[in-house]
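**Student:** Show me how the following folds:
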Amino acid sequence: MPKRAKVGHAGTLDPFASGLLLVLVGRATRAQRFLMALPKTYRVVARLGWTSTTGDPEGELSPTGRIPDDPRIAVGEIMQRPHAYSAVKVGGRRAYEVARAGGDPDLAERPVTVYRAERLSFDGERAEFEVECSAGTYVRQLVAALGDAYCERLERTAIGEFRLADADPERLMPLNDALAFMPERELSSDEATAISHGRRIATKGDGPRSLHRLTHGGELLAIGRPEGDEIQPDVVFAE
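**Tutor:** Below you'll find the predicted structure:
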């Protein structure tokens with residue numbers, strides 16, 4: 001029986017949401033955490049003057065009639081507590097599983113960053129925003145912070161430099177291209193052999209001082225992590 005390729009993704013979408021999802025195939029699954037850490041961009045419609053038990057259209061909706069005069073999403077680093085109906089794990093269970101069973105998941109606040117929040121429209125009960133934020137940010141909570149509001153529609157339009165407008169489910173992107181947001185260091189033959197076997201190599205004085213791609217002959221061999229005067233292969237892709 002032929003060996004099945006591993007398949008993964010770089011960040012789920014809520015069931016009610018739509019938009020861009022990066023699907024990882026084969027060796028690309030080893031790069032999951034680097035892609036998941038990229039900032040995200042969303043188009044979100046907030047319904048104002050209403051509340052939802054889940055923060056989205058799938059919860060119990062209640063009208064309040066309280067609509068802010070000038071709804072704005074805060075920009076900068078903020079402390080955010082994930083919604084009880086989120087996929088964060090609490091004691092080995094998803095928070096939404098605990099909440100649906102009648103429990104109250106204990107979720108700690110954590111720092112997230114909103115890089116940009118542009119209001120595109122505001123018409124009565126609804127306001128639409130384009131939000132660029134750090135990985136791990138819950139847009140539902142940004143909307144809830146407006147007051148009596150819930151996230152009516154949510155579309156992810158970008159993950160880092162990947163754009164929804166360019167998405168093609170039939171196209172496979174080479175892993176080296178997908179990770180092009182990292183700086184590259186081309187290896188010699190001896191360095192390539194060492195890295196392929198998980199061994200460290202010496203740094204170069206002018207080399208990247210952050211996570212970077214280690215390539216040889218145009219092939220991506222590993223992601224390297226500088227440690228003192230050496231480069232440690234963080235993830236090895238070479239077979």
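**Student:** State the distance from E60 to R153.
**Tutor:** 18 Å (CB to CB, to the nearest Å). Bear in mind the C-beta positions are built from the backbone N, C-alpha and C, glycine included.
**Student:** which one of those two has more residues nearby?
**Tutor:** Neighbour totals were compared for E60 and R153, and R153 leads with 16 against 8 (other CB atoms under 10 Å).
**Student:** Secondary structure element holding the more buried one?
**Tutor:** Under the criterion of DSSP states H and E, R153 resides in strand 149-159.
**Student:** strand partners of that strand, parallel vs antiparallel please.
**Tutor:** strand 18-19 (parallel), strand 40-48 (antiparallel), strand 162-163 (antiparallel) (DSSP bridges).
**Student:** So what touches the second one?
**Tutor:** Going back to what we said before, that points to strand 40-48. 11, 19, 67-68, 71, 120, 124-135, 137, 139, 142-143, 146-159 (CB atoms under 8 Å, 6 or more residues apart in numbering).
**Student:** so what secondary structure elements neighbour the helix or strand that comes right after that strand?
**Tutor:** The helix or strand immediately downstream of strand 40-48 is strand 50-52, counting by DSSP H and E. In terms of contacts (3 or more CB pairs under 8 Å, 6 or more residues apart in numbering; DSSP states H and E), strand 50-52 is packed against strand 61-63, strand 149-159.
**Student:** which one of those strands is the most hemmed in?
**Tutor:** The highest mean neighbour count among the helices and strands packed on strand 50-52, using mean count of other CB atoms under 10 Å, belongs to strand 149-159: a mean of 21.
**Student:** Can you list the helices and strands that the longest strand along the chain packs against?
**Tutor:** When the chain is parsed with DSSP state E, its longest strand is strand 110-123. Taking 3+ CB pairs under 8 Å, 6+ apart as contact, the helices and strands that strand 110-123 lies on are strand 76-80, strand 126-133.
**Student:** Now do the buried residues in it.
**Tutor:** For strand 110-123, burial by neighbour count (16 or more other CB atoms under 10 Å) applies to 112-114, 117, 122.
**Student:** Please name the residues that touch the nearest residue to S196 once chain neighbours are set aside.
**Tutor:** Distances taken as CB to CB, 6 or more residues apart in numbering place A238 nearest to S196, at 4.0 Å, with adjacent residues excluded. For A238, the contacting residues are 192, 195-196, 219, 221-222, by CB under 8 Å, 6+ apart.
**Student:** From the residues you listed, list the buried ones, please.
**Tutor:** Buried among the contacts of A238 (16+ other CB under 10 Å): 192, 195-196, 221-222.
**Student:** I'd like these laid out as a markdown table, including pLDDT and secondary structure.
**Tutor:** As requested, these are arranged in a markdown table below (pLDDT from 0 to 100; DSSP: H, G, I helix; E, B strand; the rest coil):
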| residue | pLDDT | secondary structure |
| --- | --- | --- |
| A192 | 95 | helix |
| I195 | 95 | helix |
| S196 | 94 | helix |
| L221 | 96 | strand |
| A222 | 96 | strand |
